[in-house]
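Enquirer: sequence first, predicted model second:
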Amino acid sequence: MIDLGVIGYGHRIRHVLATLERFRAGTRVVAVLDPRAAELRQEYAEALEHATFYDDVDRMLESGLDGVLIGTRCSLHAPYAVKVLKRDLPLFLEKPVATSWEQLAQLKAAADLSHSRVVVSFPLRVSPLCEMAREIVDAGVIGSIEQVQAVNNVPAYGYYYYHYWMRDDAETGGLWLQKATHDFDYINSLVRQRPRRICAVESKTVFKGDMPAGLKCVECGRQKECMESPYNLFYRQGLSHTLELNDWLCSFAVDTGNHDSASAIIEYENGTHAVYTQNFYVRRGAAARGATLVGYRGTIQFDWYRDELIVHHHHSSRVERHRLEGSTEGHFAGDKELAHDFLGVLAGQNCSRAPLDAGLLSLQMCLMARDSCRKHSFEEFLPLRPAL
């Protein structure tokens, strides 16, 4: 058996564990660190039948584990990862890998001294659609990538960032770290260049207002007129499960965090530049997540929501259209690939396609973008400063 420890037994890590289980590789959870121990024991009794619950991470890590998965709230990812890295254990680390410059430096210092093999939760870079784009680029079909135009128009699930705990950008680090970290990472994996500088802007023009702090939707008298109420998310958008949720907070209250749209320009060392934009109030068919990769010989366009990749040949009339079937697995089938890689890491193989270095680089770029928004400046890419 492969004995796993889990720090933060939340929805995301439960999904990863379920995906691992589908490989029938003999994985089981034998140790859990989570403040909801009593609740978890009762609700997930079968999945946790072999698990011992701990209230001290050091004791848990000394219990003879084969590997660890971290899925806590974002501000705790780096502190716990540092603990795991010091013990050279295989690690599955949820993104963002840190939420501040200080945490990033501490994590980098720990990584430099560790022999841990790490899989960062970056499913987009290993998804079949992105792998196809990479194969076409590597074959020289479009020439070298000269420009990237990337977009993330988040569909209906965007409300999570304004109704739930994730609206607290002090806890999550904000939506650069929550969303753009994925997109910066897959762009990096395709361009294969180090960034030189970044500038960014962000807006909060929709999810803001003067409703009282802490107001819950069920307590509000504007259910029928508010398009973000559970009433209208069901009536207008057909999201029936939302009627059962009584803990939603008002997305137009004075304590609602997070920007609701943002854009960045990234210049890479070879002169290639990428333009990336994200938006959180589009809905339905306006959803888009993907990129246009432009070379001299051709252009690649792909979109995960459409499972489609198109190649335009610039110097002929040839157009190729590729569609993927069966990519309904989590995160566009990227989660299955991450689970596969983690099983390899647990077996002692150095096979992670989403290594910690990628997480550190993407996180640094997100922090640069966040700083650029606050300072209205271009941010130069510099080597990480050592932790104090």
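Expert: Received, thanks.
Enquirer: how is this structure partitioned into domains?
Expert: 2-121+337-351, 125-207+258-331+362-380, 208-256 (automatic domain parsing).
Enquirer: between these, which gets the lowest average pLDDT?
Expert: Here the domains of the chain differ in mean pLDDT, and the lowest is domain 208-256 at a mean of 84.
Enquirer: coming back round to it: could I get the domains of the chain as TSV with mean neighbour count?
Expert: C-beta here means a position set from N, CA and C on the backbone, and glycine is covered the same way. Putting the domains of the chain into TSV (neighbours: other CB atoms under 10 Å) gives the following:
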stretch	mean neighbour count
domain 2-121+337-351	19
domain 125-207+258-331+362-380	19
domain 208-256	15
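Enquirer: let me see the ranges of the helices in the stretch 151-300 of the chain.
Expert: 160-163, 169-172, 175, 181-191, 230-235 (DSSP state H, counting those that start in this stretch).
Enquirer: meant to ask about the stretch 1-150 of the chain
Expert: Assigned by DSSP H, counting those that start in this stretch, the stretch 1-150 of the chain shows helices spanning 11-22, 37-43, 57-61, 77-86, 101-112, 123-126, 128-138.
Enquirer: to residue 251, which of the ones you listed lies closest?
Expert: helix 11-22 (20.5 Å; CB to CB).
Enquirer: and the contacts of the closest one?
Expert: By CB atoms under 8 Å, 6 or more residues apart in numbering, the surrounding residues in contact with helix 11-22 are 4, 6, 27, 29, 44, 47, 69-71, 92, 94, 121, 329-330, 335-336, 338-339, 342-343.
Enquirer: related to what we said a few turns ago, to residue 325, which of the helices of the stretch 151-300 of the chain lies closest?
Expert: Short answer: helix 181-191, nearest of these by CB to CB, at 21.1 Å.
Enquirer: same for the closest one, what does it pack against?
Expert: On a contact count with 3 or more CB pairs under 8 Å, 6 or more residues apart in numbering; DSSP states H and E, helix 181-191 meets helix 123-126, helix 128-138, strand 147-153, strand 261-268, strand 273-279, strand 288-294, helix 356-375.
Enquirer: now with 10 Å, please.
Expert: helix 123-126, helix 128-138, strand 147-153, strand 195-203, strand 261-268, strand 273-279, strand 288-294, helix 356-375 (3 or more CB pairs under 10 Å, 6 or more residues apart in numbering; DSSP states H and E).
Enquirer: distance to residue 250 for those - can I get that in CSV?
Expert: Converted to CSV, the helices and strands packed on helix 181-191 look like this (distance: least, CB to CB, whole Å):
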stretch, distance to residue 250
helix 123-126, 31
helix 128-138, 36
strand 147-153, 23
strand 195-203, 20
strand 261-268, 20
strand 273-279, 21
strand 288-294, 27
helix 356-375, 25
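Enquirer: residue 77: which of these is closest?
Expert: Residue 77 lies closest to helix 356-375 among the helices and strands packed on helix 181-191, at 9.5 Å (CB to CB).
Enquirer: dump the residue contacts of residue 94.
Expert: Residues counted as contacts of residue 94 (CB atoms under 10 Å, 6 or more residues apart in numbering) are 7-8, 10, 12-13, 16, 69-74, 77, 81, 120-121, 359.
Enquirer: just residue 80 next, same as before
Expert: So, once contact is read as CB under 10 Å, 6+ apart, residue 80 ends up touching 7, 8, 33, 57, 61, 68, 70, 71, 72, 91, 93.
Enquirer: and the third one, how far is that from residue 336?
Expert: Which is residue 33. Distance from residue 33 to residue 336, counting by CB to CB, to the nearest Å: 26 Å.
Enquirer: so residue 341 makes contact with residue 23?
Expert: No. Counting by CB atoms under 10 Å, residue 341 does not reach residue 23; the two are 11.3 Å apart.
Enquirer: so how far is stretch 133-149 from its chain's centroid?
Expert: On the basis of CA atoms, centre = their mean, to the nearest Å, stretch 133-149 sits 24 Å off its chain's mean C-alpha point.
Enquirer: now the end-to-end length of that stretch.
Expert: Taking CA to CA, to the nearest Å, stretch 133-149 runs 14 Å from one end to the other.
Enquirer: again, but for stretch 212-226
Expert: 15 Å.
Enquirer: again with stretch 5-13
Expert: 11 Å.
Enquirer: from the chain's centre, how far out does it sit?
Expert: 15 Å.
Enquirer: stretch 372-388 now?
Expert: That offset, for stretch 372-388, works out to 21 Å (CA atoms, centre = their mean).
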